[in-house]
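Novice: Just need the structure, nothing else, for what follows:
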Amino acid sequence: MTAGPGFDLPRLIATNASAALNRLIGLDVVAADDGAAELHMPWRDDLTQYAGHLHAGMIAALLDTACGFAAATVVGAVTASHFSMNCLRPAAGRRFVARGRTVRAGRKQVFARAELFAENDQGELSLVATGETVLVPLGG
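Specialist: Got it, this is the predicted structure:
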C-alpha cells in the first residue's frame, strides 16, 4: 500500500471500474505501486480502425490512463492537462499491456510516461506506442 495521498491497487481498481470507457473496453488494472501502474486490455475487433489495427484513439486512451494511474499512486486523484503520443508500429495482438510511470511529481504538476505493448499468441511483447502526460493533482 502506498503511504500518503497516493492510491493503492484496490483504490485504482475501483477507480477503473467507475469509468464507463474503461469498463466498455475491458481495461484491467493489474499492478500499481510507488509511481507505476500496469494495465491490460484484450484485443477487440470493434476497437479497430479501417486497416484492422487498434484505433489511435484507443492507443491514446490506454497510454493516458496508464500515466494517470501511475501518477495517482503518488499524489491521488489527477486530471490531464497535456498529452502526447508516438505510434511506432501498427497495434495488433491478442492483448495490450500499458505500463505507466511517474517521472516527476510536484505540487502543481505531475509528469508521467507510458509505453504500450502488443502481446502476440506466444506471449511476446512488441512496443507499439509511447506517450507522455502532464497531470494536475485534484486534491488541494
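Novice: where does the chain have low pLDDT?
Specialist: Within the chain, the segments meeting pLDDT under 70 span 1-4, 140.
Novice: And for the residue nearest to the spatial centre of the chain, nearest residue in space, chain neighbours not counted?
Specialist: For the chain, the residue nearest the mean C-alpha position is residue 66 (1.8 Å; Cα atoms, centre = their mean). Nearest residue to residue 66, sequence neighbours excluded (Cβ to Cβ, 6 or more residues apart in numbering): residue 100, at 3.2 Å. All C-beta spots, glycine's among them, are computed from the backbone N, C-alpha and C.
Novice: And the strands in the protein?
Specialist: Per DSSP state E, the chain carries strands over the ranges 28-33, 36-42, 78-87, 95-105, 110-119, 125-137.
Novice: tilt between the second one and strand 28-33?
Specialist: Strand 36-42 runs at 170 degrees relative to strand 28-33, counting by axes from the mean of the first three to the mean of the last three Cα atoms, to 10 degrees.
Novice: List the contacts of strand 36-42.
Specialist: With contacts defined as Cβ atoms under 8 Å, 6 or more residues apart in numbering, strand 36-42 is touched by 12, 16, 25-32, 62, 65-66, 69-70, 72-73, 94-102.
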